[in-house]
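Generate a structure from the sequence data that follows.
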Amino acid sequence: LARSVLDMCSHFPQYRLLVAIRVAVSVQAQDVVHFSSVEYRPVRTTGTPGGAFGGVIPGFGLAAVSLGLLWFNEGRAVRQTRMLDSIFPNLVTLEESDKLDSRLDGKLVHVSGTLATDGLSDNVFSAMHRADALRLQRSSEVFQWKEVKDVKETRVSEQQVRRDVTYRYHKEWSPSAIESWRFENPKGHENPQPRLNPGSSMKTTSDATLPSGLRVP
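Next up is the predicted model:
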C-alpha cells in the first residue's frame, strides 16, 4: 500500500496526501499537544521568473517610488517651514491671568498656565479618586490560558515533507480576552468570561480652567 501511494504521488504531483498522528503529552506542568503530519507534494522550483531581467525591472520600480517619496517629504517640510515663518510674527502670547479680549478674535493666541480641576473618579471603582487630575486611565488584565503554536517543516525526500506542529498552553496575564474555544485542545483550558472587560479605559476631565477663567476643552 505504501509503494502504491508513493507511485501515485510521483505520477500525479498535483495531489497531496496527508497522514497525521496526534499525540498529547504533559511536560513540566505545561500542557502540550503535538501534531505530526507527513505531506506528499511536488518540489518547489527556485529561481527568479523572467531570468536576470526579472530582478532588474522591479529594482527600477522601487527606485522610482523611493524618489517620489523623497520629493514628497522634502516638499512637505518646505511648506511647513514657510507656514511657521508666516505665523510667528503675528503670534500673541498671554499670561495665565490675562483676560481674553474680543480684539484677539481671529488671531493666533498662545496661553500657558496651571490648570485647576475638581479631579476625576473611576466609573467602576468609585473610591479611586484623584484630585486635580486631568486624565485618569484604568488598565485591567485577565489571568487566563494562552495557546502558543510552533510549526517546523523538514523535507525528507523530493516529494515528502514532514510537518511538526506543537501547541503549548500556559496561563498568563493578558490585556485582552482570549477565546479558548478556538484552541486546538480547548478541554481543560477553558477561559471564563471576565466580569470586567480587560483593556484600557481613558477618562478626561471637562472642567479644567486657567486662573483667568478660560475653560480648556
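
got any ranges where this protein has weak pLDDT?
For the chain, applying pLDDT under 70 flags the ranges 1-30, 34-55, 217.

how about the helices in it?
2-11, 53-87 (DSSP state H).

Among those, which comes closest to D150?
helix 2-11 (27.0 Å; Cβ to Cβ). Yep, even glycine has a C-beta here, placed from its N, CA and C like the rest.

Which parts of the chain are strands?
17-27, 30-40, 92-94, 109-111, 120-121, 129-130, 135-140, 142-157, 160-174, 199-204 (DSSP state E).

just the angle between the last one and strand 135-140, please?
Read it as strand 199-204. 170 degrees (axes from the mean of the first three to the mean of the last three Cα atoms, to 10 degrees).

what angle separates strand 199-204 from strand 142-157?
Using the same axes, to 10 degrees: strand 199-204 against strand 142-157 is 130 degrees.

which one of the strands of the chain lies closest to R182?
Comparing the strands of the chain by Cβ to Cβ, strand 142-157 comes nearest, at 8.0 Å.

Export the helices of the chain to JSON lines and append columns for distance to S112 and mean neighbour count.
Putting the helices of the chain into JSON lines (distance: least, Cβ to Cβ, whole Å; neighbours: other Cβ atoms under 10 Å) gives the following:
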{"stretch": "helix 2-11", "distance to S112": "75", "mean neighbour count": "11"}
{"stretch": "helix 53-87", "distance to S112": "17", "mean neighbour count": "10"}
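
Format those helices as CSV; extra columns: distance to E153.
Shown next, in CSV, are those (distance: least, Cβ to Cβ, whole Å):
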stretch, distance to E153
helix 2-11, 17
helix 53-87, 26
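
closest to N191 out of these?
helix 2-11 (41.1 Å).

For V56, which of the strands of the chain is the nearest?
Here strand 142-157 is closest among those (Cβ to Cβ), at 30.9 Å.
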